[in-house]
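Participant: My questions are about this predicted structure, shown below with the sequence.
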Amino acid sequence: MSAPKNFAKAISVGALLAASVGVAAIAKPNSQISLDASASSEVQQAFDSWMGGARLKGKSSKEKCYGVALTGGNDCKAGAGTSCQGTSTSNFQANAWTYVPTGSCALIKTPQGSGSLTIVSMDKMDKMDKMDKMDKKKKRSSGS
């Protein structure tokens, strides 16, 4: 095969791979998150639909939300030592994002706080990790 044909074939394979990854790059919600009662009915409806399994279609229907995914449940950007989708190393990792319905991110409540439209600082992440470890230790000692 000639160089131009090899190049064209490589481009085609790359485009197909990129398209398939793009389709799969929408993480699912988890049962440990909820929406604040102050959400508008439109945002609440979109959130409920998403929690029920509906896909978020189109750019205007979704926003990146940091700190709401479970371990391995992020769409992308999971910080140093990770590559992308599904690589977060802790629940509600503050530098890993997941797509959520537009307008819901800051209203999403997790066991470690609210969702964020921006990456949370490393200091806050360290505090959240310490709180998570303390909660786990407390649960073990209480027999929960």
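Facilitator: Cool, got the structure.
Participant: pLDDT (mean, whole number) over the strand or helix carrying R140?
Facilitator: If you go by DSSP states H and E, R140 is part of helix 122-142. The average pLDDT for helix 122-142 rounds to 64.
Participant: For this structure, which segments count as strands?
Facilitator: 34-35, 62-66, 97-101, 108-110, 113-114 (DSSP state E).
Participant: And the ones you listed: which comes nearest S41?
Facilitator: strand 34-35 (11.3 Å; CB to CB). C-beta here means a position set from N, CA and C on the backbone, and glycine is covered the same way.
Participant: ok, that closest one: who's next to it in the sheet?
Facilitator: strand 108-110 (antiparallel) (DSSP bridges).
Participant: For the partner strand, buried residues please.
Facilitator: 108, 110 (16 or more other CB atoms under 10 Å).
Participant: Deepest-packed of the strands of the chain, please.
Facilitator: Ranked by mean neighbour count, these are led by strand 97-101 with a mean of 28 (mean count of other CB atoms under 10 Å).
Participant: other SSEs contacting it?
Facilitator: helix 41-51, strand 62-66 (3 or more CB pairs under 8 Å, 6 or more residues apart in numbering; DSSP states H and E).
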